[in-house]
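Engineer: Sequence first, then the predicted structure:
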Amino acid sequence: MSLEEEIAKVTAIAHPTRYRIIAALSAESLHVSELARRLGMSRPLLYMHLQRLEEAGYLSGRLELSPEGKALKYFEVVPFTFTIDPAAITAAVGPLEAPDLEPKKESGK
């Protein structure tokens with residue numbers, strides 16, 4: 001995983017509301033309106049958080065039709081393990097090169 005991908009996964013989950021979303025969805029998949037009611041938040045704000053979690057691979061969304069023919073978007077947690085340690089950070093960053101400490105000579109002077 002690249003450094004950018006690793007940081008995106010960390011920042012996607014590093015929010016208290018997103019922790020609450022994952023906790024609410026860990027037992028069952030829920031449609032957005034029900035999830036918004038349970039969490040006490042607006043659907044537009046919830047969608048923003050759901051999108052970040054889905055893009056990072058923590059959630060999966062699907063559309064289902066209700067008996068009345070209304071499209072409902074359901075989300076569920078994708079099983080994951082989140083581990084961050086010095087080895088994971090080192091692997092994401094890759095080899096470090098020492099900075100060039102030699103003063104640069106100006107040409108033509």
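Structural biologist: Here it is on my side, so go on. Numbers count the residues shown, from 1 in each chain.
Engineer: residue boundaries of the helices in this structure?
Structural biologist: Listed in chain order, the helices of the chain (DSSP state H) span 3-13, 16-25, 32-39, 43-55, 86-93.
Engineer: if I look at the residue nearest in space to the middle of the chain, how far off is L45?
Structural biologist: The centre of the chain sits closest to A12, judged by CA atoms, centre = their mean, with a distance of 2.9 Å. A12 sits 16 Å away from L45 when distances are taken as CB to CB, to the nearest Å. In short, each C-beta sits where N, CA and C put it, glycine included.
Engineer: before we move on, back to that, might you report the residue contacts of the residue nearest to the centre of the chain?
Structural biologist: Contacts were defined as CB atoms under 8 Å, 6 or more residues apart in numbering; by that measure A12 touches R18, R52, L53, E55, A56, Y58.
Engineer: From the residues you listed, pick the one nearest I89.
Structural biologist: Each of the contacts of A12 was checked against I89 using CB to CB; the closest is A56, at 17.3 Å.
Engineer: okay, the residue lying closest to the closest one once chain neighbours are set aside: pLDDT?
Structural biologist: Beyond its immediate neighbours in the sequence, the residue positioned closest to A56 (CB to CB, 6 or more residues apart in numbering) is A12, lying 3.5 Å away. Predicted confidence (pLDDT) at A12: the value is 93.
Engineer: Please apply the same query to A92.
Structural biologist: As predicted, A92 sits at a pLDDT of 76.
Engineer: Against S42, how distant is it?
Structural biologist: With CB to CB as the criterion, A92 and S42 are 35 Å apart.
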